[in-house]
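1. Got a predicted structure plus its sequence, pasted below:
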Amino acid sequence: MLKSKTFVKKTRSGGVMKIVREHYLRDDIWCGSEVCTECKQESTALQRDPCMESNLCSYPHYVIPDTNVVLHQIDVLEDQVIRNVIILQTVLAEVRHRSAPIYKRLKDIVHEKEKHFYTFTNEHHRETFIEREPGESANDRNDRAIRVAAKWYSEHLKKFESDTDPLKVVLLTNDQGNKQKAEESGLLVYKCEEYIKSLIGNPELVDRLALSNDDKNDITSSKVLFPEHLPLSRIQAGLKNGTFLQGTFRASRDNYLEATVFVQGEGEESTEVLIQGLQNLNRSVYQDVVAVQLLPRDQWVAPSSVVLQDEGAAKDDNEEEGEEEKELRVSAAEAARKPTGRVVGIIKRNWRPFCGMLNASIIKESTRHLFTPADRRIPRIRIETRQADALAGQRIMVAIDGWPKHSRYPNGHFVRTLGSAGDKETEQQVLLLEHDVPHQAFSQAVLSFLPTMPWEITPEVMVNREDLRSLTVCSVDPPGCTDIDDALHCRALDNGNLEVGVHIADVSHFIRPGNAMDKEAANRGTTVYLCGKRIDMVPELLSSNLCSLRSNVERLAFSCIWEINHKAEILKTRFTKSVIKSKASLTYAEAQMRIDDTTQTDDITKNLRGLNKLAKILKKHRISKGALTLSSLEVRFHIDSETHDPIDLQTKELMETNSMVEEFMLLANISVAQKIFDEFPDCAMLRKHPAPPPSNYDILLKAAKSKAVEIHTDSAKALADSLDVARVDGFPYFNTLLRILATRCMMQAVYFCSGMDSDFHHYGLASPIYTHFTSPIRRYADIIVHRLLAVAIAADKTYPDLMDKQKQSALSNNLNYRHKMSQYAQRASVAFHTQLFFKSRGILNEEGFVLFVRKNAIIVLIPKFGLEGTVFFDSKNKTAPKVVFDEEGPSLTVEQHTFHIFDRVMVTISLDASNIQHQKIRMSLIEPVIPGVSVSAPEVQPLAKKPRLDR
């Protein structure tokens, strides 16, 4: 049966267009139930005997939730207890329209066979489709469609009643009007909360219930604590006339009463608005998109240097302004004041489930408790749970439901338990969840696009591909590397020049555009390397096998080959898809030993010596153009093979061979960047590194000045040259410290689409153009670059998204986000393993250098461990010393001693585990000796040897 909808639409030119939409109704849409003998269905999802034991529904039944139940109670629906649920097409379409993340979660549940969820296409069923009536709102029409479908199911299932309890259908809705109309139609209908609370033997399900509006009113006070949020219409009008600004809310990690709102202006322009005080923060949560109103200029303030954590017992909703708010109000010099404002409304909430721990209420019988998130930028959340005792000491996940104006804290509900706090697996999971790292196992849909094994190179694969298997190719990587992206060769040509090749794994041959594996890799964006664990961007069959350029196996590659003279000048460049057979997979140390050992004269060693010689010249050229050589301390853990705990911690040593590989990777990236930009000026994926604003260098200039060293920052070359000559007699580590500080002044390098930007320059490399081509196993950007290059040399065909600069730009944004979060996750992993190391080692005494000076503390770098920590000079349990902070220096005078940046100190290092959720490395001063401040050097216990096990 065919129905049609007709409506008119105004066109851009001002005309009117008549649009007719055809809507087919069918009678062969099945009910999905095992009891049905009428529908000619091939497979069923709903069980014959659904057994959800309930005090309200003592009979077998299926459940039909309405749209709002799905949107607000998805955590409940995901529980394994909830089965045999009918999801109507009306509900599915509304959920898709209102929340993409919940729609995806709902689709995942429907695909779980053991959950027995069934999607019923009621909008195309002849007996359940309904027309919208004149004057009826779209919402009311959808509610009626849900009731009609529920009624049809009730009548349909009655036909198959047996002698046992008849099978019924229960409609779940929290809408009072919808519930009343359903009851009048003779339907079985309950509120979601009353149905869930009626389920027998599942008390934890009640904790997962998102709070209804009734509950929210019940647990807040009558006193209004926050200003009302303005409606969206008022906000839009204010944004249009310039009264309000729109920006992203960024809460402070150190002060819960302070935040900034990042307002993106035209092009690269952006401003930050400072927000201080609970009322002005007005229930905003980190990463929300908010509307702010600037305060009059005479009310502008400076960022507070006070560290305030929202800790301890829950603060009363009726509490007056506390001492903490008053602490913020310090008079500041006019120059230090920043544009200050207040949040007037929320444009878009960016809430997600948060990891953290429960702060059980001091009232023993209470079911209302505070949850403290692991991320200090997220406010504490009030939840209701009856299992507080069981959750003590556990890492849990909690979701926010809302934040009423009467409540000091947002209200939320328990989602799930992750495991015991401090447990390595649990903490790793928290780390991945908090940094939004996709880490679930690859789905069957993704794995289905892997090549079948055994895999071999066929004649079809060799089309448009050069055979370079005879070349002496080798790879040089860190020890234990299994995802080998790159390999190199160097050989003499008959004309006296050299041929150098960089061969990169041809990942784009295996990952084709638009399939499930490609979409998953694009979403993940990058491989994440944690201590002792790797979260792959592509399945292991590719990352550690078919795309890994291991020795003595034939592998597909994408090669960049130069003809170079002995002055390292490039004479010719060509690109080709190829087949290679690496002759050796070496570590940096092994390659270095071959180069240094004059007795070795085999082809591989000659290859390496040629490459190393050229690399040194290339590096010299690069630095002469103004490329920066910066420093950041990277650490390597030595892990116990049995317990997987860290037993030693060292900073990584860099060798000549590290630099050798890096030089040729940079050269390949620059060569490819130029090629893809020449071919595709509008849609090349490039990488740029913006020059830092002059204010970023303030701390570097002050630090150098304190040691009577002059640093020039007018250009990258000026900075590089002045860093090269920066020396202090008797202080060999000074130059490294200066370079570490210079690294902190830099901006983040980012991917971008060439058609959406005009500034391509890479500041750190002093290169006019740059991209990433050399690591496609672990970076998705490189896969896109491979595809562009393949089209440019006619080795592969293009596809629409590759040439769409809007889509390329959106992809770049995701890759930048994933790259940033992966860096944060790696740092958090190092921090956690450092804590484990000091937990087992106890107290250590080490030499360090002052890296930053704060109002009440110094931040100290320990070069031996690449570790930073803070020495505080105000303690809650002892009299604070006299402290004077000079912002100009910057310097900090504690009693009679003045600390400057780069001063040498001796500290004790230990683990402070008093707060199980936020354990931290604690440092105390030994030298210089300041009476009443310094501590005497504690005895350091020798590391106990592990008893040998007889096997």
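-> Sure thing, it's come through.

2. Please make it C-alpha for all contacts and neighbour counts, starting now.
-> Will do.

3. where does the stretch 251-400 of the chain have low pLDDT?
-> Residues of the stretch 251-400 of the chain meeting the criterion pLDDT under 70: 265-269, 304-336, 364-365.

4. tell me the strands in it, going along the chain?
-> 258-264, 270-276, 289-294, 341-348, 354-359, 368-373, 381-384, 394-402 (DSSP state E, counting those that start in this stretch).

5. CA atoms of the second one as PDB?
-> If I follow you right, that is strand 270-276. Extracted in PDB, the C-alpha atoms of strand 270-276 (Å, rounded to 0.1, in the frame of the first residue of the first chain):
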ATOM      1  CA  SER A 270      40.600  33.900  20.100                       C
ATOM      2  CA  THR A 271      40.100  35.400  23.600                       C
ATOM      3  CA  GLU A 272      39.700  33.900  27.100                       C
ATOM      4  CA  VAL A 273      37.200  35.200  29.600                       C
ATOM      5  CA  LEU A 274      38.000  34.600  33.300                       C
ATOM      6  CA  ILE A 275      35.200  33.300  35.500                       C
ATOM      7  CA  GLN A 276      35.500  33.400  39.300                       C
END
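
6. Between strand 341-348 and it, find me the angle.
-> 110 degrees (axes from the mean of the first three to the mean of the last three C-alpha atoms, to 10 degrees).

7. Could I get the strands of the stretch 251-400 of the chain in TSV, plus columns for mean neighbour count and distance to Val35?
-> Listed next are the strands of the stretch 251-400 of the chain as TSV, based on neighbours: other C-alpha atoms under 10 Å; distance: least, C-alpha to C-alpha, whole Å:
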stretch	mean neighbour count	distance to Val35
strand 258-264	22	58
strand 270-276	21	61
strand 289-294	24	50
strand 341-348	22	45
strand 354-359	24	42
strand 368-373	22	44
strand 381-384	25	39
strand 394-402	22	38
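
8. For those strands, give me CSV that also has distance to Ile457.
-> CSV is the format used below for the strands of the stretch 251-400 of the chain (distance: least, C-alpha to C-alpha, whole Å):
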stretch, distance to Ile457
strand 258-264, 51
strand 270-276, 52
strand 289-294, 51
strand 341-348, 51
strand 354-359, 47
strand 368-373, 52
strand 381-384, 57
strand 394-402, 48
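
9. how about these, which one is nearest Asn735?
-> Proximity to Asn735 (C-alpha to C-alpha) singles out strand 270-276 among these, at 33.7 Å.

10. Okay, now the sheet partners of the one helix or strand Met17 maps to, with direction.
-> In this assignment (DSSP states H and E), Met17 forms part of strand 16-24. Sheet pairing of strand 16-24 (DSSP bridges) gives strand 2-10 (antiparallel).

11. Now do the strand it pairs with, average pLDDT.
-> The average pLDDT within strand 2-10 is 63.

12. List the contacts of the closest residue to Ala615 other than its chain neighbours.
-> Take Ala615 and drop its neighbours on the chain: the residue closest to it by C-alpha to C-alpha, 6 or more residues apart in numbering is Met660, 5.2 Å away. For Met660, the contacting residues are Leu611, Asn612, Ala615, Lys616, by C-alpha atoms under 8 Å, 6 or more residues apart in numbering.

13. Tabulate those residues in CSV, adding columns for secondary structure.
-> Formatted as CSV, these follow (DSSP: H, G, I helix; E, B strand; the rest coil):
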residue, secondary structure
Leu611, helix
Asn612, helix
Ala615, helix
Lys616, helix
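
14. residues contacting the closest residue to Glu520 other than its chain neighbours?
-> Excluding the flanking residues, the one nearest Glu520 by C-alpha to C-alpha, 6+ apart is Val446, at 7.3 Å. Residues near Val446 by C-alpha under 8 Å, 6+ apart: Ala516, Met517, Glu520.

15. ok, those residues vs Glu228, which is closest?
-> Glu520 (41.4 Å).

16. Secondary structure of that closest one: a helix, I assume?
-> Yes - judged by three-state DSSP, Glu520 forms part of a helix.

17. shift numbering so it begins at 38
-> Yep, numbering from 38; the last one is Glu557 now.

18. what number of residues lie near it?
-> Counted by other C-alpha atoms under 10 Å, the residues lying close to Glu557 total 18.

19. pLDDT value on it, please?
-> Residue-level pLDDT assigned to Glu557 equals 93.

20. repeat for Glu160
-> At Glu160, pLDDT is 88.

21. quick one, what contacts the spatially closest residue to it that is not a sequence neighbour?
-> Spatial nearest neighbour of Glu160, chain neighbours left out: Phe166 (4.9 Å); criterion: C-alpha to C-alpha, 6+ apart. Going by C-alpha under 8 Å, 6+ apart, Phe166 touches Leu62, Asn159, Glu160, Ala182.

22. what's the closest of those to Ala827?
-> Among the contacts of Phe166, and counting by C-alpha to C-alpha, the member closest to Ala827 is Glu160, at 46.1 Å.

23. what sits against the closest one?
-> Leu62, Gln126, Thr127, Phe166, Ile167.

24. Kindly provide the distance from it to Ala219.
-> 19 Å (C-alpha to C-alpha, to the nearest Å).

25. got it, and Ser174?
-> 18 Å.

26. Also Ser743?
-> 78 Å.

27. Pick out whichever of the two has more residues nearby.
-> Neighbour totals were compared for Ser743 and Ala219, and Ala219 leads with 23 against 16 (other C-alpha under 10 Å).

28. contacts for the host helix or strand of Val828?
-> Per DSSP H and E: Val828 is located in helix 817-829. For helix 817-829, the surrounding residues in contact (C-alpha under 8 Å, 6+ apart) are 543-545, 558-559, 562-563, 574, 595, 614, 709, 712-713, 716, 721-722, 788, 808-813, 833-835, 839, 849, 852.

29. Now the buried members of those residues.
-> Neighbour-count burial (16 or more other C-alpha atoms under 10 Å) is assigned, among the contacts of helix 817-829, to 543-545, 558-559, 562-563, 574, 595, 614, 709, 712-713, 721-722, 788, 808-813, 833, 839, 849, 852.

30. Select from those residues every entry located in strands.
-> Among these, the members falling in strands (DSSP state E) are Phe595, Lys614, Met722, Tyr788.

31. Report pLDDT for the last one.
-> It refers to Tyr788. The predicted local confidence for Tyr788 is 94.

32. For this protein, name the helix or strand with the lowest mean pLDDT.
-> Within the chain, no helix or strand scores below helix 250-255, which has a mean of 51 by mean pLDDT, DSSP states H and E.

33. Helices of the stretch 538-687 of the chain, residue ranges please.
-> 544-547, 553-561, 577-578, 625-633, 640-661 (DSSP state H, counting those that start in this stretch).

34. Now render the ones you listed as a markdown table, adding distance to Met702.
-> Formatted as a markdown table, the helices of the stretch 538-687 of the chain follow (distance: least, C-alpha to C-alpha, whole Å):
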| stretch | distance to Met702 |
| --- | --- |
| helix 544-547 | 17 |
| helix 553-561 | 22 |
| helix 577-578 | 24 |
| helix 625-633 | 15 |
| helix 640-661 | 10 |
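
35. Any idea which of these gets closest to His134?
-> Between the helices of the stretch 538-687 of the chain, helix 553-561 lies closest to His134; by C-alpha to C-alpha that is 21.4 Å.

36. tell me the angle of the closest one relative to helix 817-829?
-> 130 degrees.

37. residues touching the residue nearest to Pro965 when sequence neighbours are not counted, list them.
-> Nearest non-adjacent residue to Pro965, counting by C-alpha to C-alpha, 6+ apart: Val942, 6.3 Å away. Listed by C-alpha under 8 Å, 6+ apart, the contact partners of Val942 are Glu884, Gly885, Phe886, Val887, Leu962, Ile963, Glu964, Pro965.
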